[in-house]
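> build me a model:
(one chain, ligands or ions: 2)
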Amino acid sequence: MDLVNSLEGRLLFAVPKKGRLLQAALNLLEGADIQFKRENRLDIALVKNLPIALVFLPAADIPTFVGEGRVDIGITGYDQVQEHDAGVRAIARARRMSNEWSPKDEKPRGCDTILDLGFGSCKLQIQVPAKGEYQTDKDLIGKNIGTSFVHLASEYFARLELEQEGIKVDSTASYAGRKLRTKIIELSGSVEAACALGVADGIVDLVESGETMKAAGLKAIETVVETSAILIKSKAPSNPAMVDLIAARINGVITAQKYVLCQYNVPRAQLVDATKVTPGKRAPTVTSLEEDGWVAVSAMVEKKRIAPVMDDLTKVGATDILVLDIHNTRGS
Ligand SMILES: Nc1ncnc2c1ncn2[C@@H]1O[C@H](COP(=O)(O)OP(=O)(O)OP(=O)(O)O)[C@@H](O)[C@H]1O
Ligand SMILES: O=P(O)(O)OC[C@H]1O[C@H](OP(=O)(O)OP(=O)(O)O)[C@H](O)[C@@H]1O
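Ligands and ions are numbered 1, 2, ... in the order given. Below you'll find the model as predicted:
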């Protein structure tokens, strides 16, 4: 099969090819009924039931492909989009300084966020040895910083250096032409080892549970970016209607994962109190029961709140409380 020709007319959808976001992204695709078979070692898969092709790429590269409009939509981390944007800003500053800038450089690029996907949550944090001499981010000015997020780290320390000099920073354009006193060292993985091995005085890396940080004898002193996985699109996708369809399907899956359906019976006299406990996403559905003076209520409730909600319903006199998983939703 000529794979490149078979991409014709298909919306290109970038998915992380490995790492922390891969499995949750695949689960979302399955929930959205995006059917495909990925051949061994191939990074492109044609979707069987929709005019879409999936492109499996490193999470860090997805903002570049989407931002340049080569791929229409993608799933990646918000941190990766921020890092990419910071890199684009750095190039623009350098071009302006070297007078290579032209109005073409201003053409709209970058990605738009469609949805927060609710997984892959963590923080990009500045970390230092827990028992070391550095207590604040300012203590690291002029020192060595190890990171995979070189552009975000450079902007962070550029701002810090300017503020230390008493210069007000109103945009990242203020960093133009400045040489950082802090040395940003690019590392592609196992960044936590850099302090112990003497390569860096501090690091900028992701923290979720904090286990990796703790095991490396580090502590976090500042947060650069809070992140989670997002669905992004290019500024001018090839098929906007298909983008909307995918966004609606994925949104339906996320909502279904976040909520359960709570059903119960309650005396009509207690209905007001009960619906305060379960107001639903828009409003609860109330139907009358054959038994006089009683109603049945069903309402969507956030999964993480369901136990106290059941306690409170019991207190206001609800009975026959059922909690049902929601397989999928639309329009909620
Ligand atoms: N511990 C974590 N908890 C939650 N999300 C994470 C965590 N680590 C990374 N992520 C998210 O997953 C994205 C990809 O990180 P991951 O380390 O899986 O990348 P990768 O593609 O395997 O690259 P690398 O080879 O550099 O590890 C990150 O940008 C971040 O958004
Ligand atoms: O706070 P924690 O829950 O310990 O998670 C943080 C770790 O997770 C990520 O790395 P990952 O395990 O994906 O491997 P990597 O270092 O190869 O990127 C990140 O780079 C941290 O090292």
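
> His84: how many residues sit nearby?
22 (other CB atoms under 10 Å). C-beta coordinates here come from the backbone N, C-alpha and C atoms, glycine included.

> once you drop chain neighbours, what's closest to it?
Pro63 (3.6 Å; CB to CB, 6 or more residues apart in numbering).

> ok, the one you found - contacts?
74, 76, 80-81, 83-85, 111, 232 (CB atoms under 8 Å, 6 or more residues apart in numbering).

> so where do the helices sit in the stretch 51-200 of the chain?
Counting by DSSP state H, counting those that start in this stretch, the stretch 51-200 of the chain has helices at residues 62-67, 78-97, 150-164, 193-196.

> and the longest one, is it in reach of ligand 2?
No - no part of helix 78-97 sits close enough to ligand 2 to count as contact by CB under 6 Å from any ligand atom; the gap is at least 10.3 Å.

> can you list the residues that contact that helix?
With CB under 8 Å, 6+ apart, helix 78-97 has contacts from 59-60, 62-64, 67, 101, 105, 109-111, 113, 116, 124, 149-152, 154-155, 172-173, 175-177, 206, 225-230, 232.

> filter the residues you listed down to the buried ones.
With neighbours counted by 16 or more other CB atoms under 10 Å, those contain buried members at 59-60, 62-64, 67, 110-111, 124, 149-152, 154-155, 172, 175, 206, 225, 227, 229-230, 232.

> the contacts of helix 78-97: which ones sit near ligand 1?
59, 206, 227.

> what's the local residue count around the residue nearest to the last one when sequence neighbours are not counted?
When you say that, I think you mean Thr227. Counting by CB to CB, 6+ apart, the nearest residue to Thr227 once its immediate chain neighbours are dropped is Asp79, at 3.9 Å. By other CB under 10 Å, 26 other residues sit near Asp79.

> any idea how far Gly31 is from Asp79?
24 Å (CB to CB, to the nearest Å).

> list the contacts for Ser174?
162, 167.

> where does it land on pLDDT?
Note on Ser174: pLDDT of 78.

> Pro103 now?
Reported pLDDT for Pro103: 66.

> pLDDT below threshold where in the stretch 1-150 of the chain?
1-2, 100-101, 103-108 (pLDDT under 70).

> and Arg178, what does it touch?
Counting by CB under 8 Å, 6+ apart, Arg178 has contacts 158, 161-162.

> A strand includes Leu313, no?
No - Leu313: not assigned to a strand; according to DSSP: H, G, I helix; E, B strand; the rest coil it is helix.

> could you give the bridge partners of the closest residue to Lys303 other than its chain neighbours?
Setting aside the residues directly before and after it, Lys303 is nearest to Val260 in space (CB to CB, 6+ apart), at 5.3 Å. Note on Val260: beta-bridge partners by DSSP bridges are Val301, Asp325.

> surely Val260 touches Val323?
Yes - applying CB atoms under 8 Å as the test, Val260 and Val323 come out as touching, 5.1 Å apart.

> the two: which has the busier surroundings?
For Val260 versus Val323, the count of surrounding residues by other CB under 10 Å is larger for Val260: 20 against 15.

> contacts only, for the more buried one.
300-301, 303, 306, 323-326.

> and those as a markdown table, adding distance to ligand 2 and pLDDT?
As requested, those are arranged in a markdown table below (distance: CB to the nearest ligand atom, whole Å; pLDDT from 0 to 100):
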| residue | distance to ligand 2 | pLDDT |
| --- | --- | --- |
| Met300 | 31 | 95 |
| Val301 | 29 | 96 |
| Lys303 | 22 | 94 |
| Ile306 | 26 | 97 |
| Val323 | 30 | 97 |
| Leu324 | 32 | 96 |
| Asp325 | 28 | 94 |
| Ile326 | 29 | 92 |
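
> can you lay out those as CSV showing distance to ligand 1?
Shown next, in CSV, are the contacts of Val260 (distance: CB to the nearest ligand atom, whole Å):
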residue, distance to ligand 1
Met300, 27
Val301, 26
Lys303, 19
Ile306, 24
Val323, 28
Leu324, 29
Asp325, 25
Ile326, 25
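
> restricted to buried residues, select the residues you listed in ChimeraX.
Buried subset of the contacts of Val260, written as a ChimeraX selection, criterion 16+ other CB under 10 Å:
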select :300,301,306,326
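
> from the contacts of Val260, pick the one nearest Asp244.
Ile326 (21.8 Å; CB to CB).

> correct me if wrong: Gln135 contacts Ile221.
Yes - in this structure, Gln135 is within contact of Ile221 by CB under 8 Å, at 7.0 Å.

> of those two, which one has the most company?
Ranked by neighbour count (other CB under 10 Å), Gln135 and Ile221 place Ile221 first, with 17 against 11.

> domain assignment for the chain?
5-120+229-238, 122-226, 259-325 (automatic domain parsing).

> CSV please, covering those and showing distance to Gly331.
Shown next, in CSV, are the domains of the chain (distance: least, CB to CB, whole Å):
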stretch, distance to Gly331
domain 5-120+229-238, 15
domain 122-226, 29
domain 259-325, 10
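
> and these: which comes nearest Val253?
Nearest of those (CB to CB): domain 5-120+229-238, 3.6 Å.

> are any of the contacts of Arg178 buried, and if so which?
Counted by 16+ other CB under 10 Å, the contacts of Arg178 give 158, 161 as buried.

> hmm, back to that, just the ones next to ligand 1 among the contacts of helix 78-97: which are in strands?
Those of those mapping onto strands are 206, 227, per DSSP state E.
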